[in-house]
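Undergrad: Make a model of this:
(2 chains)
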2 protein chains.
Amino acid sequence: MPRVCAVIMAGGVGTRFWPRSREKSPKQFLEIIGKKTMIQTTVERLDKFVRIQDIFVVTNKVQQSLVKKQIPELPEENIIIEPVGRNTAPCIGLAAMHVMKLDPNAVMVVLPSDHLIQKVDEFQRVLGVAVETAYKSSSLLTIGITPTHPETGYGYIQMFDEKGDHNPYFDKGVLKVKTFAEKPNLATAEKFLKSGDFLWNSGMFVWRADAILNQMHICLPDMFAELVKIQQVLGTPQYQSTLDKVYGLIRGISIDYGVMEKADVVYVIPGDFGWNDVGSWREVLKVSGKDDNGNSITGKVISRDAKNCLVYSPDKLVAVIGAEDLVIINSEDAILVCKTNRSQDVKEIADYLRRKQMNEYL
Amino acid sequence: MPRVCAVIMAGGVGTRFWPRSREKSPKQFLEIIGKKTMIQTTVERLDKFVRIQDIFVVTNKVQQSLVKKQIPELPEENIIIEPVGRNTAPCIGLAAMHVMKLDPNAVMVVLPSDHLIQKVDEFQRVLGVAVETAYKSSSLLTIGITPTHPETGYGYIQMFDEKGDHNPYFDKGVLKVKTFAEKPNLATAEKFLKSGDFLWNSGMFVWRADAILNQMHICLPDMFAELVKIQQVLGTPQYQSTLDKVYGLIRGISIDYGVMEKADVVYVIPGDFGWNDVGSWREVLKVSGKDDNGNSITGKVISRDAKNCLVYSPDKLVAVIGAEDLVIINSEDAILVCKTNRSQDVKEIADYLRRKQMNEYL
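TA: Sure thing, here's the model as predicted:
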């Protein structure tokens, strides 16, 4: 069996979770669901599948100390610091080079740090299939989520069916990708759902480190050339200064757009393990335990005829009377009161605060 | 011209203004509207009409220091402390005795401490008519508010019209009261409004101190007998101990029910001076200055598509997205989020806190 390394991408800012999520402590470092932070749960979910010394976390300087604090068992050298954010392709390329250095034959599992997975056993089973497939081929694998409703907030992956273009050497759960689709409008999403050959793009990838670097060489030669400059000094005293110098010059591009949509060895494994990207407060309410009135309440809260409300208040007492479909988040220095179906617009508040230079709230 | 004394009743608890209103600092001591507290505004409104040394404030032990702090120019002996609350009749009787001691011929104006009056000149004019009438007769006068809508939250006063039963010695604005009516249901309130001979009961009264005491003697002889025991020791060292002993034994009863509905010398003067009893957060929103979306905002607030919301937050930043008809009050240790039309039910929260002995929030 191959050595499996996990790369957890934890550099996001998660402005949709303002006022809890802040630049210094974004979503993945918060206990959004349950008593552990999202990144802690992400690491925990790999238990018995990936050894802690084979887990890498990619983050930034500001969040480095949070990673150390929340995952104290993680070897310090496994924290990869991006000098600046450049979207997922350079991040994954850099991480792949770290993985290669550890083991040139390693299979690399790329995972977001802030998603929810409710059926961990099934998740590990799917991941197992992906790892085996990646080990014995140079293919790029992604985990697609079997859609449950016509969601407009996710990207989609269209697959060939088993009869269509199946590699006979692969597990029959591994299907060739036909195309990637951006977030659709509702009509298109309904068509996708009805067709039965579209999956949600989960942002989880599995491949051999050498395979993804090879594809980057082909699909993103300029970026790859820059990354090689960093690879050459990996483990030497010049690493940090080279990284700082080179990384900022790289053009930001996503792995989906930069590699997955171009490469011809791309496969998807449909997974159905209670996945949710927890992309907004609305999704938090959806996946949280609720009382008889559909309210999810954390903290000291009194309610009268409140319905379908998400209420969070660790300090002050909150009384809710007659409110419906409302998100009420009381953080240390700010309060959000937002209609549930407007949860996406929380991002606008963060944008506004940035424009007005109200940095203490960012 | 008579000496005019004002008695401001300031013993209420105002639980409908939780979480701002607390037992130790109820509504009348808060800046609910504008930059002054309601009691400060009530005192200010008497400027050029009643001298400060002729103003009495009836309150309780807990609130005594707040009265001193908020009205520092008020002579300390003009603060009348009720040992316990016993509704308005005993409160007014006790105050009348204090007024009598100051000047046996004084006319006494009884005012709530927590109402809003927007047209102060017109208020003073109406009060002037009442004072003159009270001075030259033994009648009991109340100020009735010309209703603007079929309000179900107020008591009503039915008057005879000018031709009906008018005292020719009185100003023609002074009308005999036919009957008092409790808070009506909507259908009745609509009938009242249509009839044109009903006014809102404002809880403002004008009479000579000796006249109201005389009527108490007739209408509430038991209560009067107890009050006389206090009157006999007024200004002596026995005052406090007698008050403490006697007052608690008196049966609580309102001046409306105990005297006004029984006496036959009761007159009303219709007033139209932008009055509002500010009985709930909904009323606060109604009388407050609002932005183009109907929001009244105090503190650091960012809103996106908020409509008809009352938002108060002196400390934390509040972001409101997509909310309509909502009251959001952030006090030091508690937050209220309440549908505007449920403002009356804020009282239930206070009741619940009392039942659960969560006294720190009361």
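
Undergrad: Give me the spatial nearest neighbour of the residue nearest the centre of chain A, chain neighbours excluded.
TA: The centroid of chain A falls nearest to residue A:112 when counting by Cα atoms, centre = their mean (2.3 Å). Sequence neighbours aside, residue A:203 is the residue nearest to residue A:112 in space, at 5.0 Å (criterion: Cβ to Cβ, 6 or more residues apart in numbering or on different chains). The C-beta positions use only the backbone N, C-alpha and C, and glycine is treated the same way.

Undergrad: counting contacts, what elements does the helix or strand containing the one you found pack onto?
TA: Using DSSP states H and E, residue A:203 falls within strand A:198-208. Contacts defined by 3 or more Cβ pairs under 8 Å, 6 or more residues apart in numbering or on different chains; DSSP states H and E place strand A:198-208 against strand A:107-112, helix A:120-135, strand A:140-145, strand A:156-159, strand A:266-271.

Undergrad: Could you dump the ones you listed into CSV with mean pLDDT added?
TA: Formatted as CSV, the helices and strands packed on strand A:198-208 follow (pLDDT from 0 to 100):
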stretch, mean pLDDT
strand A:107-112, 98
helix A:120-135, 96
strand A:140-145, 98
strand A:156-159, 96
strand A:266-271, 96
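
Undergrad: Near chain B, which residues of the stretch 1-150 of chain A? Just list them.
TA: Residues of the stretch 1-150 of chain A lying near chain B by Cβ under 8 Å from any Cβ of the partner chain: A:18-19.

Undergrad: now the helices: where do they sit in the stretch 1-150 of chain A?
TA: Along the stretch 1-150 of chain A, counting by DSSP state H, counting those that start in this stretch, helices occupy A:38-44, A:61-70, A:88-102, A:120-135.

Undergrad: Switch the ones you listed over to JSON lines; also include mean neighbour count.
TA: Shown next, in JSON lines, are those (neighbours: other Cβ atoms under 10 Å in any protein chain shown):
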{"stretch": "helix A:38-44", "mean neighbour count": "21"}
{"stretch": "helix A:61-70", "mean neighbour count": "16"}
{"stretch": "helix A:88-102", "mean neighbour count": "23"}
{"stretch": "helix A:120-135", "mean neighbour count": "19"}
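
Undergrad: Can you lay out those as CSV showing distance to residue B:170?
TA: Output for those, formatted as CSV (distance: least, Cβ to Cβ, whole Å):
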stretch, distance to residue B:170
helix A:38-44, 77
helix A:61-70, 78
helix A:88-102, 86
helix A:120-135, 86
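
Undergrad: between those, which gets nearest to residue A:324?
TA: Closest approach to residue A:324 among the helices of the stretch 1-150 of chain A is made by helix A:38-44 (27.7 Å; Cβ to Cβ).

Undergrad: For that closest one, give me every contacting residue.
TA: Residues from elsewhere that reach helix A:38-44, judged by Cβ atoms under 8 Å, 6 or more residues apart in numbering or on different chains: A:8, A:10, A:27-30, A:32-34, A:36, A:52, A:55, A:57, A:67, A:70-71, A:74, A:111-116, A:278.

Undergrad: Could you do stretch A:174-192 as well?
TA: Contacts for stretch A:174-192 (Cβ under 8 Å, 6+ apart): A:129-130, A:133, A:141-142, A:147, A:150-162, A:164-167, A:197-198, A:201, A:256, A:260-261, A:266-270.

Undergrad: how does it look with 7 Å?
TA: Stretch A:174-192 has contacts (Cβ atoms under 7 Å, 6 or more residues apart in numbering or on different chains) with A:129, A:133, A:150-160, A:162, A:165-166, A:198, A:201, A:256, A:260-261, A:266-269.

Undergrad: swap in stretch A:129-147?
TA: With contacts defined as Cβ under 7 Å, 6+ apart, stretch A:129-147 is touched by A:2, A:4, A:107, A:109, A:126, A:157, A:159, A:170-171, A:173-174, A:193, A:198-202, A:204-208, A:211-212, A:214-215, A:260, A:263, A:265-272, A:275.

Undergrad: what's the answer for stretch A:13-32, then?
TA: Contacts of stretch A:13-32 (Cβ under 7 Å, 6+ apart): A:10, A:12, A:37-39, A:62-63, A:66, A:70, A:113-114, A:278-280, A:284, A:329, A:331, A:334-336, A:343-344, A:346-347, A:349-350, A:362.

Undergrad: Of these, just the buried ones, ChimeraX syntax please.
TA: Applying 16 or more other Cβ atoms under 10 Å in any protein chain shown to the contacts of stretch A:13-32, the buried members can be selected in ChimeraX as follows:
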select /A:10,12,37,38,39,63,66,70,113,114,278,279,280,284,329,331,334,335,336,343,346,347,349,350,362
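
Undergrad: Looking from chain B, tell me which residue of the stretch 101-250 of chain A is nearest.
TA: Closest approach between the stretch 101-250 of chain A and chain B, counting by Cβ to the nearest Cβ: residue A:153, at 17.0 Å.

Undergrad: right, and that residue touches residue A:276 too?
TA: No - Residue A:153 is beyond contact range of residue A:276, at 10.6 Å (criterion: Cβ atoms under 7 Å).

Undergrad: Those two: who's more crowded?
TA: residue A:276 (18 against 14; other Cβ atoms under 10 Å in any protein chain shown).

Undergrad: Sketch out the strands for the stretch 151-300 of chain A, chain order is fine.
TA: A:156-159, A:175-181, A:198-208, A:266-271, A:275-276, A:296-304 (DSSP state E, counting those that start in this stretch).

Undergrad: For residue A:15, see how far away residue A:36 is.
TA: Plainly put, residue A:36 is 22 Å away from residue A:15 if you go by Cβ to Cβ, to the nearest Å.

Undergrad: next one: residue A:37
TA: Distance from residue A:37 to residue A:15, by Cβ to Cβ: 17 Å.

Undergrad: go on, residue A:259?
TA: Taking Cβ to Cβ, one finds residue A:259 at 26 Å from residue A:15.

Undergrad: Which one of those two is surrounded by more residues?
TA: Using other Cβ under 10 Å as the criterion, residue A:259 and residue A:15 rank with residue A:259 on top: 25 against 20.
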